[in-house]
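Undergrad: What follows is a protein structure lacking sequence information:
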């Protein structure tokens, strides 16, 4: 399995390093960091002062290299989909790509002092969540499972940095299928 990491909008190298290490270890896969993607000009919505996740994801998919089995797009932009005020991320269920926004995972976003350890903990939980969707996992009812729905950072903080036993089994089965060539590159989008 080859997981490619695609930064958008000035993501810090240290943040990308932490994400890349986590993906390599948790998913036991090769990783490759791609050259940064410029923010698509049509992604910005001036009325909302946010960026359309679907537009960013579509532009990112065009940059996916041959052989990539997963594409994780990471941005500093605050993102949305039309039906929600904001989302932490969006993914193609049973698909190739996932998008993660770091903006609302930072304490500073809420006017609080920076806490790097807490920020990275949140980021890695949401990386697992969004990539989990690409393997067909849906939102879990176990509030401590990384696949549970998060509508605010408090929900993220309650999660463990891992999957519940049922989601872990499903992920294992789906990862083996991907390893055997079932990429599942045509998925529906799921936002959180």
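TA: Good, I have the coordinates. Nothing here was measured: the structure is a model prediction, and the numbers come from that model.
Undergrad: tell me, how many neighbours does residue 19 end up with?
TA: Residues near residue 19, counting by other Cβ atoms under 10 Å, number 24. Placement of C-beta: from N, CA and C, glycine included.
Undergrad: surely it meets residue 122?
TA: No - between residue 19 and residue 122 there is no contact under Cβ atoms under 8 Å: 11.7 Å.
Undergrad: how much space is there between residue 108 and residue 116?
TA: Plainly put, residue 108 is 11 Å away from residue 116 if you go by Cβ to Cβ, to the nearest Å.
Undergrad: dump the residue contacts of the residue lying farthest from the centre of the chain.
TA: Distance to the chain centre peaks in the chain at residue 47, reaching 24.9 Å (criterion: Cα atoms, centre = their mean). Neighbour list for residue 47: empty [criterion: Cβ atoms under 8 Å, 6 or more residues apart in numbering].
Undergrad: Surely it is within a helix?
TA: No - counting by DSSP: H, G, I helix; E, B strand; the rest coil, residue 47 falls outside a helix, being coil.
Undergrad: Distance check, it against residue 177.
TA: Counting by Cβ to Cβ, the gap from residue 47 to residue 177 is 42 Å.
Undergrad: Ok, residue 63 next?
TA: Going from residue 63 to residue 177 by Cβ to Cβ gives 25 Å.
Undergrad: got it, and residue 4?
TA: According to Cβ to Cβ, residue 4 stands 19 Å off from residue 177.
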